[in-house]
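[1] fold the following, please.
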Amino acid sequence: MGEKKVIVFIVEGRSDEAALGSIMKEFFSNHEVQFIVVHGDITLKDYVSVDTIRNKINDQVDKIKNRYRYQYSDFLKIIHIVDTDGVYIPESDIQQEDVEKVTYYIDHIAAKNPEAIRKRNKIKGDILFKLRKTGKIHKTIPYKVYFNSCNLEHVLYGELRNFTDEEKEEHSDAFAEEYEGKVDQFIAFISDFNFSIIKIFRKAIAFLFLS
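    I've put the predicted structure just below:
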């Protein structure tokens, strides 16, 4: 496929691609950028486990490889962006409340069945630990996973609540428009010490933008 290499972003929803797609494609203009939208949390879908999560990631990469007739050697890196969904919160901060769906706050999680959330967090936490240790996909393609806490809307829009699909779409489009042609400003925004872990994020920037 020539000199251009493929950079793949794995994200949870269409709103993630809408918010970040144009920015990433602008920065990586010397490469081909593809987004894989998994429509949900791949760390919890289809009875995934620590033992099978890498296969799930491999399967996602294979789908886009086959669709565009890439070779494995065409891929430069895989960048996986996931929501933490409060997975690392202390168990004591998962509280029973009369809510329709799990609700996230700065200092606790509210749920009708706190024990179910504790079990979910254990499973997801173990899987995320495995992914953090996963350096390669298909043995040769560099892979890194990055966490949004609690989710992309919380990070990009500064609001911690349950957004409707329509609201996500509106916010994503507005965010993409705000940073169109302003990659440096986007990097400055996402590096803000108010919500980023600076030392870790500098490593992330090096992997995303410099390698």
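[2] give the contact list for the most far-flung residue of the chain relative to its centre.
    Here the centre of the chain is the reference, and by C-alpha atoms, centre = their mean the most remote residue is residue 98, at 29.3 Å. The contact partners of residue 98, by C-beta atoms under 8 Å, 6 or more residues apart in numbering, come to residue 112. The way it works is simple: take the backbone N, C-alpha and C, and place the C-beta from them, glycine included.
[3] show the pLDDT at it.
    Residue 98 carries a pLDDT value of 95.
[4] just the strands in the chain please.
    For the chain, the strands defined by DSSP state E occupy 6-11, 32-37, 75-83, 94-96, 103-104, 109-111, 136-137, 141-148.
[5] avg pLDDT for the longest one?
    Strand 75-83 comes out with an average pLDDT of 92.
[6] what does the second one give?
    Taken as a whole, strand 32-37 has a mean pLDDT of 95.
[7] hmm, who's touching it?
    Taking contacts as C-beta under 8 Å, 6+ apart, the residues outside strand 32-37 that touch it are 1, 4-14, 16-17, 21, 24-25, 60-61, 63-64, 68.
[8] the third one now?
    With C-beta under 8 Å, 6+ apart as the contact definition, strand 75-83 has outside contacts at 5-12, 16, 20, 31, 41-43, 57, 61, 65, 128, 131, 137, 141-152, 207-208, 211.
[9] quick revisit: tell me how far the residue farthest from the centre of the chain lies from residue 112.
    When distance is defined by C-beta to C-beta, to the nearest Å, residue 98 is 7 Å away from residue 112.
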